[in-house]
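J.: generate coordinates for the sequence data below:
(one chain, ligands or ions: 1)
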Amino acid sequence: MSHRVKRLGAALAMLMVSGAGAALAAEVPVRDPAASVDHLWYELLIDITLIGLVFLVLGFYWVYKYRAKSEDEVGTAPQLSSLQSIAWILVPSFLFMADDFFLAAKGWTVWNIFRQVPANAMEVKVTGSMWNWQFQYDNGATSTYEVDSKDGDGLVVPVGRPVVLRMTSTDVVHSFSLPEYRVKEDLMPGRVTYLWFYPKKETKTLVTCTEYCGNRHSYMYAPVKVVPQAEFDTWMASKKQAT
Ligand SMILES: [Cu+2]
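T.: Predicted structure coming up:
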């Protein structure tokens with residue numbers, strides 16, 4: 001009997017270890033901050049909806065159960081023992097707190113993904129100034145975008161490769177926000193901050209400044225174009241010829 005239990009235990013442990021190994025191996029490629037943020041967000045929504053529903057249903061049930069059945073009826077509140085009172089405080093608190101800690105721990109995981117730049121990321125330097133963005137690539141080529149004339153391409157990156165932005169500001173505090181990629185980070189003079197995102201599909205989105213930085217703050221945006229590698233190479237070659 002005890003042999004069997006031990007063998008079963010060992011088999012279970014093996015399963016768990018190999019399962020964890022498989023999960024780790026599957027995660028290694030690129031852990032996308034956008035997917036992680038979305039996952040946590042939906043998990044939070046499901047959790048608060050379920051907990052909310054349980055208390056809503058219980059609340060209505062008690063309101064109905066303990067309603068006055070005639071106008072002159074006087075209710076008698078049930079007297080709880082000390083133990084019951086303590087249990088009514090502790091059990092619901094633990095339920096809430098367990099979910100809070102669970103979500104907070106997942107939040108830390110998302111934060112770590114947000115801060116750990118994949119080794120194969122392409123680096124682009126970003127300079128924010130009142131009121132536009134300048135992007136500088138490894139080879140020195142620069143790109144920008146003029147909101148009024150609509151001149152310039154903004155940030156252009158090849159599809160399928162993580163991008164890390166090393167950012168600073170020449171004047172005031174700006175904030176580089178990529179809503180589609182669920183990331184943003186402040187830029188300030190005298191300091192280099194960073195941000196990375198994972199452009200998985202060809203698309204055109206926007207970067208906007210999300211820190212009020214003066215009169216034309218709301219005009220401080222630029223396109224973010226994710227293009228096939230070949231198109232990116234052609235674009236970069238044309239940039240080099242121009243400079
Ligand atoms: Cu700004």
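J.: quote the end-to-end distance of stretch 115-135.
T.: Taking Cα to Cα, to the nearest Å as the measure, stretch 115-135 stretches 21 Å from start to finish.
J.: touching the ion at all, that stretch?
T.: No. Using Cβ under 5 Å from the ion, stretch 115-135 stays clear of the ion, with a minimum separation of 5.9 Å. C-beta: built from backbone N, CA, C; applies to glycine.
J.: residues of this structure that sit close to the ion?
T.: His174, Cys209, Cys213, Met220.
J.: name the member of those residues with the most neighbours.
T.: The most crowded member of those, judged by other Cβ atoms under 10 Å, is His174 (30 neighbours).
J.: partner residues bridging that residue?
T.: Leu187 (DSSP bridges).
J.: just how off-centre is the helix or strand harbouring Val63 within its chain?
T.: Val63 belongs to helix 33-65 when assigned by DSSP states H and E. Relative to its chain's centre, helix 33-65 lies at 20 Å (Cα atoms, centre = their mean, to the nearest Å).
J.: and the next helix or strand after that helix with helix 33-65, angle?
T.: Later in the chain than helix 33-65, the nearest helix or strand by DSSP H and E is helix 82-115. On the basis of axes from the mean of the first three to the mean of the last three Cα atoms, to 10 degrees, helix 82-115 is oriented at 160 degrees to helix 33-65.
J.: what sits up against stretch 93-105?
T.: Contact with stretch 93-105 is made by Leu40, Glu43, Leu44, Asp47, Ile51, as judged by Cβ atoms under 8 Å, 6 or more residues apart in numbering.
J.: which among these count as buried?
T.: When those are checked for burial by 16 or more other Cβ atoms under 10 Å, the buried set is Leu40.
J.: what mean pLDDT does stretch 209-216 get?
T.: The average pLDDT for stretch 209-216 rounds to 96.
J.: now swap in stretch 30-48 and tell me
T.: Computed over stretch 30-48, the average pLDDT equals 92.
J.: okay, now the nearest residue to Ala141 once chain neighbours are set aside: neighbour count?
T.: In this structure, Ala141 finds its nearest non-sequential neighbour in Lys239, 4.1 Å apart by Cβ to Cβ, 6 or more residues apart in numbering. Residue crowding around Lys239 was assessed by other Cβ under 10 Å; the count is 17.
J.: where does Lys239 sit: helix, strand or coil?
T.: Following DSSP: H, G, I helix; E, B strand; the rest coil, we place Lys239 in the helix state.
J.: contacting residues around Asp47?
T.: Asp99, Leu103.
J.: can you list the domain ranges for the protein.
T.: 88-117, 122-242 (automatic domain parsing).
J.: for the ones you listed, please prepare CSV with the additional fields distance to Val74.
T.: Output for these, formatted as CSV (distance: least, Cβ to Cβ, whole Å):
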stretch, distance to Val74
domain 88-117, 24
domain 122-242, 56
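J.: and those domains, which is most packed in?
T.: Across these, averaging neighbours per residue (mean count of other Cβ atoms under 10 Å) puts domain 122-242 on top, at a mean of 17.
J.: tell me the one of the contacts of stretch 93-105 nearest Met130?
T.: For these, the minimum distance to Met130 (Cβ to Cβ) is 34.3 Å, reached by Leu40.
J.: please determine how far that closest one is located from the ion.
T.: 28 Å (Cβ to the ion, to the nearest Å).
J.: what sits against that residue?
T.: Leu103, Lys106, Gly107, Val110.
J.: at the geometric centre of this structure, which residue do we find?
T.: With distances taken as Cα atoms, centre = their mean, the residue of the chain nearest its centroid is Val37 (2.8 Å).
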